[in-house]
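> here is my input, please return the structure:
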Amino acid sequence: ANSKKKRGLDPTAARRIATMNGAALAVGDRARFRLPDKSVHRGVVTAINGDGTYALEEEGTGAEHRLPSSKVKRDDTPTVVRLITQDANETGDDGEALLRVEEEGLQLLESLSETRVAVCSVAGMYRTGKSFFLNRLAGSAGGFGVGETTEPCTRGVWLWHRPDLKTSDGATLLLMDTEGLASADQDETYDAKVFALALLLSSYFVLNVVGVIDDSTIERLHLVTEVTKRIACDGPEEDHFPPLLVLVRDFALTPTRDGVAISDQEYLEEALRDRGTPGQKRHERRNETRQALRRLFPRGRRSCTTLVRPALDEASLRRAHALKDGELREEFVAKLKLLRRSLVDGRDDIGVTAIRAKSVHGAPCSASALAALARQHVDAINNGAAPSIRGAWDAASRELNARASQQALEAFGDNLAIPEGELPEPP
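So this is what the prediction gives:
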C-alpha cells in the first residue's frame, strides 16, 4: 500500500497514539527506526495502525515501512535545511544570479503536509549573531551554523524544524535564518530579495540590530524602501506583513528622552520619528526609511527589546555559541528566557507580542502551502516581477487544490476497484 492509502486509514486508528520509552508519537512526528537488517533510518510517521504498529515514510528515499513501536523512537535531532539559495550558474535577463528553491527545503515542508505552521525569521547585518539568537530561542546550542570569523555563515534562506517546538496557538514553529545584509560579496539588490522573501514567508519578523538604533542604523536599512517597491500588495501594506520585533543586541546604554528613562518600545518610537532639516538629501533618505518601516509595521504590530552582550571577555564572545547558560552573562540568559516566554509561550512580561500561526488573507497557511508560496515568490523575483501576495496565494491554492483532487480521485478509485471477474450479477 502506498503512503496515501495509509493516511486514509480509519480516522479512529489514525488518531491513536502509541507510547514507548515514555514518549508518545503521533502522525507527522519525525522518528528514528531500526529495520530488520539492523540498519537505522529517519523518517516521518504517516499513520498509526489499529494493531499499534507505525507506518513510516523514510527520509530521502520515500520508502515505506510498517514497524512495531519497539523499533521506533522519536527523532528530536534538529532538522536544518536550505530553503532558498543563489544559483551562481544561472543568471536572469538583468545579469543577476537567479534564486533557487532547494529540494531539501521543499521536502521538509511537504513532509509536514497540512500541518499549521508559524515562521519566525531573522534579518539584519551579517555577522551580528542572528543564527546564535535563533539557536538560543529554540533552547539549543545546535541548529543553525555559527562561526568565529568575519566570513558570513548563512547563505540564502534556511529553515529549522524541531517537532517539539510549538507556538502558544498550537502551530508548529519553523525558524528561518537569512543571509546577513551588506556582506562584501553581495549587493543591495540581492539583499533586498532576501529581505523581501523573509517578509513574505514569515509570520513573525525579527530585525537584528547591534549597539543602538541611530542614524547609521536607519541608513543601512534603506533597502526597506526598495522592498516596498518590489512587493505588490492588494490593499494596505500593513495587512500583509508580519509583526516586527526590533532586537537590539549588545545594548549597554539606558534609553532616555530629555534625560528621562524610557521603555524599549518608546526607544523604538523615538528612533522611527522623522527628524532633520527638510530638503537635505541625507535626512530625506533616512526619513524615507523611517516612513517605510512605520508603514509596513504600524503601531501595535511593531515592538522592541534589548539584549546585553552574552559575555564580557573577547574570547568568550567569539565562542558564545558553544557556551552553556551558566557560562554566559546572567542578565543575558534571564532576558533571553523572558523573550522566549513571550515569543514562543505567549506569556508576555516585556511588551513583546507572541509568534502566531501564519495566515494569508485570513486563511491559515499549512507547510505545503508555504512550500508553494516559496516557489511562487522566487519565480516572480527571478522573472523580474514584483511578488504579488494575492497572486502567489491564489496560485498556491490552485496547486494544492489540484493535488488534493488528484489524491481524492486516486483514493476513490483504489477503494472502489473491483477485481476482474467479480462483478456482481445484474438483478
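> make it CA atoms for all contacts and neighbour counts henceforth
OK.
> pLDDT value on the spatially closest residue to Ser131 that is not a sequence neighbour, please?
Using CA to CA, 6 or more residues apart in numbering and skipping residues adjacent in sequence, the residue nearest Ser131 is Phe144, 5.7 Å away. Here the pLDDT value assigned to Phe144 is 85.
> okay, now Phe144: neighbour count?
A total of 24 residues lie near Phe144 under the criterion other CA atoms under 10 Å.
> right, and it touches Phe133 too?
No: using CA atoms under 8 Å, Phe144 makes no contact with Phe133, being 9.7 Å away.
> mind listing what Ile355 touches?
By CA atoms under 8 Å, 6 or more residues apart in numbering, the residues touching Ile355 are 118-120, 167-168, 203-204, 343-344, 346.
> distance of it from Arg155?
Distance, Ile355 to Arg155, using CA to CA, to the nearest Å: 24 Å.
> cool, and Asn89?
16 Å.
> between those two, who's got more neighbours?
A count of neighbours by other CA under 10 Å puts Arg155 above the other of Asn89 and Arg155, at 15 against 7.
> double-check that the more buried one belongs to a strand.
No: read with DSSP: H, G, I helix; E, B strand; the rest coil, Arg155 is coil and lies in no strand.
> from Arg347, how far off is it?
If you measure Arg155 against Arg347 using CA to CA, the figure is 33 Å.
> which helix in the chain runs the most residues?
helix 389-416 (DSSP state H).
> output the contacting helices and strands for that helix.
For helix 389-416, the packing partners by 3 or more CA pairs under 8 Å, 6 or more residues apart in numbering; DSSP states H and E come out as helix 3-7, helix 367-382.
> what about 10 Å?
Applying 3 or more CA pairs under 10 Å, 6 or more residues apart in numbering; DSSP states H and E, one finds that helix 389-416 contacts helix 3-7, strand 359-360, helix 367-382.
> tell me the buried residues in the longest one?
Think helix 367-382. Residues 367-379, 381-382 are the ones in helix 367-382 that count as buried (16 or more other CA atoms under 10 Å).
> show me the contacts for the closest residue to Ser397 other than its chain neighbours.
In this structure, Ser397 finds its nearest non-sequential neighbour in Ala369, 7.3 Å apart by CA to CA, 6+ apart. Shown in contact with Ala369 (CA atoms under 10 Å, 6 or more residues apart in numbering): 109-110, 113-117, 360, 375, 393, 396-397, 399-400.
> which residues in the stretch 201-350 of the chain form strands?
Chain-ordered strands for the stretch 201-350 of the chain, with DSSP state E, counting those that start in this stretch as the definition, fall at 204-210, 244-249, 256-257, 260-261, 302-306.
> same question for the stretch 51-200 of the chain.
With DSSP E, counting those that start in this stretch, the ranges of strands along the stretch 51-200 of the chain come out as 54-58, 64-67, 72-74, 79-91, 97-101, 117-124, 157-166, 172-178.
> flag the shaky bits of this protein, pLDDT-wise.
The chain contains residues with pLDDT under 70 at 1-23, 59-62, 77-78, 141, 147-154, 182, 184, 235-239, 416-427.
> same thing but at 50, please
Scanning the chain for pLDDT under 50 picks out 1-22, 148-152.
> which residues does the spatially closest residue to Leu272 that is not a sequence neighbour contact?
Nearest non-adjacent residue to Leu272, counting by CA to CA, 6+ apart: Arg290, 5.2 Å away. For Arg290, the contact set (CA under 10 Å, 6+ apart) comprises 218-219, 221-222, 224-225, 271-275, 284.
> between those residues, which sits nearest Gly139?
Leu221 (29.1 Å; CA to CA).
> surely that closest one is in contact with Asn287?
No: in this structure Leu221 lies outside contact range of Asn287 using CA atoms under 10 Å: 11.0 Å.
> so what sits against both of the two?
Common contacts of Leu221 and Asn287 (CA under 10 Å, 6+ apart): 215, 293.
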